[in-house]
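J.: Okay, sequence plus prediction incoming.
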Amino acid sequence: MASIMVERSGRVALLTLNRPKALNALNLAVMQETVAALRELDRDPSVGAIVITGSEKAFAAGADIKEMAPKTFADVFLEDWFAAWDQLAQLRTPTIAAVSGYALGGGCELAMLCDILIASDTAKFGQPEIKLGVIPGIGGSQRLTRAVGKAKAMDLCLTGRFMDVDEAERAGLVSRVVPVDQLRDVALEVAKTIADMSLPIAMMAKEAVNRSFETTLSEGVRFERRVFHSTFATDDQKEGMAAFIEKRKPLFSHR
Ligand code: CO8
């Protein structure tokens, strides 16, 4: 059985982690299949947004502990364990994590690698690696801290406790909270809204927001202004503004 499933609906792609019995624990097969599938979708201009989801009980309960347990330092160092997940930070197509149930360890980190995090009212987030004698290894100590600040990031990483969805939303980790039975539909609807925008402009907006995590305010604002100027080189800027003036819906050509 494949570890993931990929479905398409118009310009939206849906990737579902598919190891429900192991609570979608992220083993090497899941990593390789997920990264390969996302890179392929990212190269396809007919895909305007990608939703990543799991099962109702678990988005993903972390890296696969049974696979990791026997590894030595030399194994994980030489194989540069989990470095491949970093490729998701390079995706240009907007991504949405639709999280229900457990998003722990690598699962929380995978959700945080996405641009938008939509959670069901049953979602639980945590970086419980410390309870296993390790620390986050797919960016959790960095992205969680940027998302929710030092106070909660330290609390979660040092105690291993889980954060429920209300706390996660208050802390700024989660974009929207929806009833669990509506999660998939809402995530796909948000994805469709984004996919109907101009793809190059959506990519520019994503790049500009992400730049804020990598640079100073004045450099970031300068970068944004230059990218803003370049939007005027696209057909979609002409179409978007013409449609507003003509009081009709824009039809973007993604050029
Ligand atoms: N890895 C492997 N198997 C898992 C994992 C996991 N992370 N999580 C759950 N499973 C398996 C269980 O072993 C169990 O399998 P089986 O039926 O064969 O016994 C099955 O999924 C169902 O799990 P439970 O019976 O435990 O379900 P519960 O509802 O009782 O509990 C929990 C759910 C609370 C989510 C519990 O399963 C749990 O605590 N899971 C582990 C969570 C965790 O610690 N995650 C962090 C993992 S480490 C990580 O992600 C990053 C490591 C970075 C290291 C860097 C190294 C380079």
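T.: That came in fine, so what should we check first? Residues are numbered from 1 along each chain as shown.

J.: Please report how far G62 lies from the ligand.
T.: G62 is 3 Å from the ligand, where distance means C-beta to the nearest ligand atom, to the nearest Å. Bear in mind the C-beta positions are built from the backbone N, C-alpha and C, glycine included.

J.: from memory that residue sits against L26, does it?
T.: Yes - the pair G62 / L26 is scored as a contact, 6.8 Å apart, by C-beta atoms under 8 Å.

J.: between the two, who's got more neighbours?
T.: G62 (29 against 26; other C-beta atoms under 10 Å).

J.: give me every residue that touches the closest residue in space to that one that isn't next to it in sequence.
T.: Nearest non-adjacent residue to G62, counting by C-beta to C-beta, 6 or more residues apart in numbering: G105, 3.0 Å away. Residues near G105 by C-beta atoms under 8 Å, 6 or more residues apart in numbering: 61-63, 126-129, 136, 140.

J.: same question, A123
T.: With C-beta under 8 Å, 6+ apart, A123 has these contacts: 59, 99-101, 103, 164-165, 168, 174, 177.

J.: Repeat that for P20.
T.: Taking C-beta under 8 Å, 6+ apart, one finds 55, 57-58 in contact with P20.

J.: One more: C114?
T.: 52, 88, 95-97.

J.: possible to save the residues you listed as a markdown table with distance to A195?
T.: A markdown table is the format used below for those (distance: C-beta to C-beta, whole Å):
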| residue | distance to A195 |
| --- | --- |
| I52 | 15 |
| L88 | 18 |
| T95 | 12 |
| I96 | 10 |
| A97 | 16 |
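
J.: Out of the residues you listed, grab the one that's most surrounded.
T.: A97 (28 neighbours).

J.: For M154, report the pLDDT, please.
T.: If you check M154, the pLDDT there is 98.
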